[in-house]
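Participant: no letters, just coordinates:
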């Protein structure tokens, strides 16, 4: 498992500067363009300034999007383009090692993105509590809850065009409707019920609790359990898909 992660990190050493740059520039642009600029025209009925409200949601969405993107084309390419997974199968690495090693790399990339976003959020003076530091371990869980199901999809499809469907009908709508930009209570009840099934809605609430220092143990436990369910079920699906694909 560690050998697989180390292999992917070796490649990342050549490209980390671009991703590190984006980890600071993207949140800076989002917080200025949405949190500060748009926020000046939003009323204060949220209980906190709009910048403070939207920043944690944007952080959770950034971790989600990085996890999804890193779990899509690179996983598909491991089967179809570079066939690196098939090469790994002739080594002592087991299928579970390949899967967990790549998942570990995706989690690391997502946590780096989350840490960069948190640093920018802190520079804006948004965090109200030391609980904000809990965002980093939470980023691990959020990344797993998103990456594991996407791994399953990437290992199952036969054409990369299916990623257009996944992102346009899955990841992007989830990012727009999961309470990142507005309270879920403003959604119609049927839509809100559907959104509450999605991992980002729980991730957003958890990160917002921590950043704003409003941690409620009962609610946090529910959100964590939902993310664990996504991560666990997604991992089972991904392992089955990897096993089926590498047994062809």
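Facilitator: Alright, I've got the coordinates. Predicted model, so just to flag it, every value in this text is computed and none were measured. Numbering: from 1, shown residues only.
Participant: CA only for contacts and neighbour counts going forward, please
Facilitator: OK.
Participant: which residues are contacting stretch 231-242?
Facilitator: 95-96, 99, 141, 144-153, 155-156 (CA atoms under 8 Å, 6 or more residues apart in numbering).
Participant: of the residues you listed, closest to residue 80?
Facilitator: residue 155 (9.7 Å; CA to CA).
Participant: give me phi/psi at that closest one?
Facilitator: phi -80, psi -10 (degrees, to the nearest 10).
Participant: that one: neighbouring residues, count only.
Facilitator: Residues lying near residue 155 (other CA atoms under 10 Å) number 27.
Participant: and stretch 79-92, end to end?
Facilitator: End-to-end distance for stretch 79-92, by CA to CA, to the nearest Å: 18 Å.
Participant: about what we covered before: please indicate which of the contacts of stretch 231-242 are buried?
Facilitator: 95, 99, 141, 144-153, 155-156 (16 or more other CA atoms under 10 Å).
Participant: low-confidence ranges in this protein?
Facilitator: Low-confidence segments of the chain (pLDDT under 70): 16, 18, 20-22, 43, 248.
Participant: biggest separation within the buried ones among the contacts of stretch 231-242, which pair?
Facilitator: Between any two of the buried ones among the contacts of stretch 231-242 (CA to CA), the greatest distance is 23.1 Å, for 141 and 156.
Participant: nearest residue to the middle of the chain?
Facilitator: residue 64 (2.0 Å; CA atoms, centre = their mean).
Participant: now for the strand or helix carrying that residue, which elements pack on it?
Facilitator: Take DSSP states H and E as the rule and residue 64 turns out to sit in helix 50-70. For helix 50-70, the packing partners by 3 or more CA pairs under 8 Å, 6 or more residues apart in numbering; DSSP states H and E come out as helix 16-30, helix 95-123, helix 135-154, helix 199-212.
Participant: and the angle for the third one with helix 95-123?
Facilitator: Think helix 135-154. 140 degrees (axes from the mean of the first three to the mean of the last three CA atoms, to 10 degrees).
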